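Novice: Pasting the sequence and the predicted model now:
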Amino acid sequence: MFNEKGFISIDCGYVEQDYMDPNTMITYTSDAKYIDTGESVRNLNSALSSQYQSLRRFTQGKRNCYNVTSLASNRKYLIRASFVHGNYDSSFQIPKFDLYLGVDLWYSVSFQSFSDQVWAEIISLIKSDHVVVCLVNTGHGTPFINVLELRPLPSFMYTIVNGSWSLTTLHRIDAGSLSTVTLRYGSDPYDRFWVPYTFKDWIALNTSSTIIINQNNQFQPPLAVMQTAAQSSNRSTGINISWEPPTWAPDALFYFNFYFALTQVVANSTRVLTIFLNGERWGEPLNLLSPTMHWSGTLNPERRSQKYEVDIRAYTFSDLPPIINAFEIYMANAPSSSATEAQD
């Protein structure tokens, strides 16, 4: 188990004493000292984990803000807000509202159903010893929040995150995992959410052997994520991944990482990958020779087209089909200085 030093874990709307989550062993606290507006509500659904059995809703005012203090200034933080509506108010109406980090739009929160668990995540350099997170009513129902979490990151991680760029998570996928549970703290010391996913035409692979991950790698995917992989159904079929910007950020730049490692060594066979981005070869072929992590991704934020399509194929001289272990896709934002400083 890792040390959760520096974690700030807020159970929004919760009014009792601090408690330890039995699954993650993370200690959660009430939001009472971080906000003085809104209404605490219990969501009496025993199927929900502890953090989702309470929430804070904001029926008054257009903009309601948390002021989270006791941060380490000039430090990168992963900040995550989580939401489950659960029809807590018996309204049978699903709201839509905006989330801001300081004065900058962070995320537009919407739901497909009452049971949806929606989480918004941003990695940002926080220059002061506190940060302001705001929920803004857009006229489409009452804003609410269940959980607000802040996780400090080492300076060597996600080096693109500085005073010029922050990263909003679009997808973070644990490919080939057959689990139904999102992997997080306990397996990932930085408490990133890795969502398990295997497309119907992918073959799930896994290993209990150690995957070598360079300690100097700036992304540090957790071992448990690298021990699973998805393989295409045959050598002539590629692994296809595509995404578009959300409607609320149509001009967003992208920043993405793909991770590969052998989970099975097949005697006298090669596994060499070629990556195509929007139909054009991207980078050099990756020759997976051993259970060592390989990375391919962007060095700087970019935008080539409205829709991004990645096709991972077996190289001409590869004996085995292509695989992928995990990937992260972010939107890169240029934060205004007041979003992460103390003045506002």
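Specialist: Ah, there it is. Numbering: from 1, shown residues only.
Novice: going forward, measure contacts and count neighbours with C-alpha atoms only.
Specialist: Noted.
Novice: quick one, what contacts the residue nearest to residue 185 when sequence neighbours are not counted?
Specialist: Leaving aside its sequence neighbours, residue 185 sits nearest to residue 191 (C-alpha to C-alpha, 6 or more residues apart in numbering; 4.2 Å). Contacts of residue 191 were listed using C-alpha atoms under 8 Å, 6 or more residues apart in numbering, and they are 151, 184-185.
Novice: For the stretch 51-200 of the chain, which segments count as helices?
Specialist: Applying DSSP state H, counting those that start in this stretch to the stretch 51-200 of the chain gives no helices.
Novice: can you check the stretch 201-344 of the chain too?
Specialist: For the stretch 201-344 of the chain, the helices defined by DSSP H, counting those that start in this stretch occupy 223-226.
Novice: quick one: low-confidence parts of the protein?
Specialist: 1-3, 45-46, 337-344 (pLDDT under 70).
Novice: Do me a favour and get the end-to-end distance for stretch 130-148?
Specialist: Taking C-alpha to C-alpha, to the nearest Å, the first and last residues of stretch 130-148 lie 14 Å apart.
Novice: just stretch 193-211 next, same as before
Specialist: Span of stretch 193-211 from end to end, C-alpha to C-alpha: 20 Å.
Novice: Name the surrounding residues that touch stretch 169-177.
Specialist: Outside stretch 169-177, the residues that reach it (C-alpha under 8 Å, 6+ apart) are 120-122, 193-198, 202-206, 225, 228-231, 324-331.
Novice: Among the contacts of residue 191, the buried ones, what's the PyMOL command?
Specialist: Per 16 or more other C-alpha atoms under 10 Å, the buried members of the contacts of residue 191 correspond to this PyMOL selection:
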select buried, resi 151+184+185
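Novice: Adding distance to residue 28 as columns, could you present the contacts of residue 191 in CSV?
Specialist: Compiled in CSV, the contacts of residue 191 are given as follows (distance: C-alpha to C-alpha, whole Å):
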residue, distance to residue 28
151, 13
184, 15
185, 14
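Novice: Just the closest of the contacts of residue 191 to residue 295, please.
Specialist: residue 184 (20.6 Å; C-alpha to C-alpha).
Novice: residue contacts, that closest one?
Specialist: Contacts for residue 184 were tallied using C-alpha under 8 Å, 6+ apart; they are 24, 191-194.
Novice: Give me the buried subset of those residues.
Specialist: Buried members of the contacts of residue 184, scored by 16+ other C-alpha under 10 Å, are 191-194.
Novice: any idea which of those is closest to residue 160?
Specialist: Nearest to residue 160 among these: residue 192, at 17.3 Å, using C-alpha to C-alpha.
Novice: separation between the closest residue to the closest one other than its chain neighbours and residue 47?
Specialist: Excluding its sequence neighbours, the residue lying closest to residue 192 (C-alpha to C-alpha, 6+ apart) is residue 184, at 5.5 Å. Separation of residue 184 from residue 47 (C-alpha to C-alpha) stands at 19 Å.
Novice: can you put the buried ones among the contacts of residue 184 in JSON lines and add distance to residue 163?
Specialist: Converted to JSON lines, those look like this (distance: C-alpha to C-alpha, whole Å):
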{"residue": "191", "distance to residue 163": "23"}
{"residue": "192", "distance to residue 163": "22"}
{"residue": "193", "distance to residue 163": "24"}
{"residue": "194", "distance to residue 163": "26"}
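Novice: Which of the residues you listed fall in strands?
Specialist: Among the buried ones among the contacts of residue 184, DSSP state E puts none in strands.
Novice: What about residue 8, how many residues nearby?
Specialist: Look at residue 8: counted by other C-alpha atoms under 10 Å, it has 20 neighbours.
Novice: ok now do it, which residues does it touch?
Specialist: With C-alpha under 8 Å, 6+ apart, residue 8 has these contacts: 28, 149-151.
Novice: can you check residue 213 too?
Specialist: Here residue 213 is in contact with 220-221, 223, 292-293 (C-alpha under 8 Å, 6+ apart).
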